[in-house]
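Asks: Model the following, please.
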Amino acid sequence: MAIILSAVLAYLLGSIPFGLVLTRIAGYGDIRKIGSGNIGATNVLRTGNKKLALATLLLDGGKGAAAVLIVFFIARSYDCSVMGACIGECFCITPPEIKQALYAAGLFSILGHCFPVWLKFQGGKGVATTLGMFLALAPLTGIAACITWLLMAAIFRISSLAALTAMISTPVSAYVIYQEPLLAAMSLFVAALVWYRHKANIQRLLKGEEPKIGKKKD
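Replies: Next up is the predicted model:
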């Protein structure tokens, strides 16, 4: 039950389309009709509003982190190892269940961003939400991914290439640093999902047609 509730909460939080909401409030209309049509920070940047793009980046990353942290603090309040033996029918979970609930929260926050129910399951590509989620769930993996993204973006000025490279680093660092097979497996699935969401970008990269960061048109 704890895992199911964590997944539902994380999905609903992850499905909030901040890029779409912010651009509409700012008077840019539907961001899905601009540039690549994506609702993420990179496409918001194509409006020319850097502050709006930064806000989208932080909020999309924040919802991934928040999903994990909220579940963590709620779960800890019902931790059997802290409370002692359960009495009667009280809602009480164990440390292994907490770990599984956190992994579920992390995964479903990304699924919510990529496939939001509010937008007929047509959402973003999940990069910022993934980075935020890892910073909360496995900080060293999150930091490694962010550094990888920043280095690749600085060198090549191509957001999708930076994102794809950063995603490759997550299952590797998760396994090497934390030596947790379940975390590494979840990281591998998330990386594969983000790569799948970038299939059009990958095709443009292979053709040498992928736009640079900040370019207003594809």
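Asks: Please give the element, helix or strand, for the residue nearest to the spatial centre of the chain.
Replies: Closest residue to the average C-alpha location of the chain: Thr129 at 2.0 Å, with CA atoms, centre = their mean. Element membership of Thr129 [criterion: DSSP states H and E] is helix 127-137.
Asks: Just the buried positions in that helix, please.
Replies: Buried residues in helix 127-137, counting neighbours by 16 or more other CB atoms under 10 Å, are found at 127-137. The way it works is simple: take the backbone N, C-alpha and C, and place the C-beta from them, glycine included.
Asks: For Gly124, which three-state class applies?
Replies: Under the three-state scheme (DSSP: H, G, I helix; E, B strand; the rest coil), Gly124 adopts coil.
Asks: Kindly provide the distance from it to Thr42.
Replies: With distances taken as CB to CB, to the nearest Å, Gly124 is found 9 Å from Thr42.
Asks: quick one on the thing from earlier: the residue nearest to the centre of the chain contacts Gly64, doesn't it?
Replies: Yes - taking contacts as CB atoms under 8 Å, Thr129 lies within contact range of Gly64: 3.9 Å.
Asks: Now for those two: what residues contact both?
Replies: Counting by CB atoms under 8 Å, 6 or more residues apart in numbering, the shared contacts of Thr129 and Gly64 are 14, 109-110, 113.
Asks: Now the residue lying closest to Met167 once chain neighbours are set aside: phi and psi?
Replies: Of all residues not flanking Met167 in the chain, Ala191 sits nearest, at 4.1 Å (CB to CB, 6 or more residues apart in numbering). The phi and psi values for Ala191, taken as degrees, to the nearest 10, are phi -60, psi -40.
Asks: Now tell me which helix or strand of the chain has the poorest mean pLDDT.
Replies: Ranked by mean pLDDT, DSSP states H and E, the helix or strand of the chain with the weakest confidence is helix 80-83, at a mean of 57.
Asks: downstream neighbour of that one in the secondary structure list?
Replies: For helix 80-83, the following helix or strand on the C-terminal side (DSSP H and E) is helix 95-114.
Asks: And that following helix, what's buried?
Replies: For helix 95-114, burial by neighbour count (16+ other CB under 10 Å) applies to 97-114.
Asks: Hmm, Asn43 is touching Gly19, no?
Replies: Yes - counting by CB under 8 Å, Gly19 is a contact partner of Asn43 at 7.0 Å.
Asks: quick one on the thing from earlier: tabulate the shared contacts of Thr129 and Gly64 (a markdown table), appending distance to Trp149 and pLDDT.
Replies: As requested, the shared contacts of Thr129 and Gly64 are exported to a markdown table (distance: CB to CB, whole Å; pLDDT from 0 to 100):
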| residue | distance to Trp149 | pLDDT |
| --- | --- | --- |
| Gly14 | 19 | 97 |
| Ser109 | 18 | 98 |
| Ile110 | 16 | 98 |
| His113 | 17 | 97 |
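Asks: Please produce a markdown table containing these, extended by distance to Lys199.
Replies: Converted to a markdown table, these look like this (distance: CB to CB, whole Å):
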| residue | distance to Lys199 |
| --- | --- |
| Gly14 | 21 |
| Ser109 | 22 |
| Ile110 | 17 |
| His113 | 17 |
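Asks: Closest one of the buried residues of helix 127-137 to Ile25?
Replies: Sorting these by how near they are to Ile25, with CB to CB, puts Ala128 at the top with 18.7 Å.
Asks: Point out where the chain drops to low pLDDT.
Replies: 79-94, 214-218 (pLDDT under 70).
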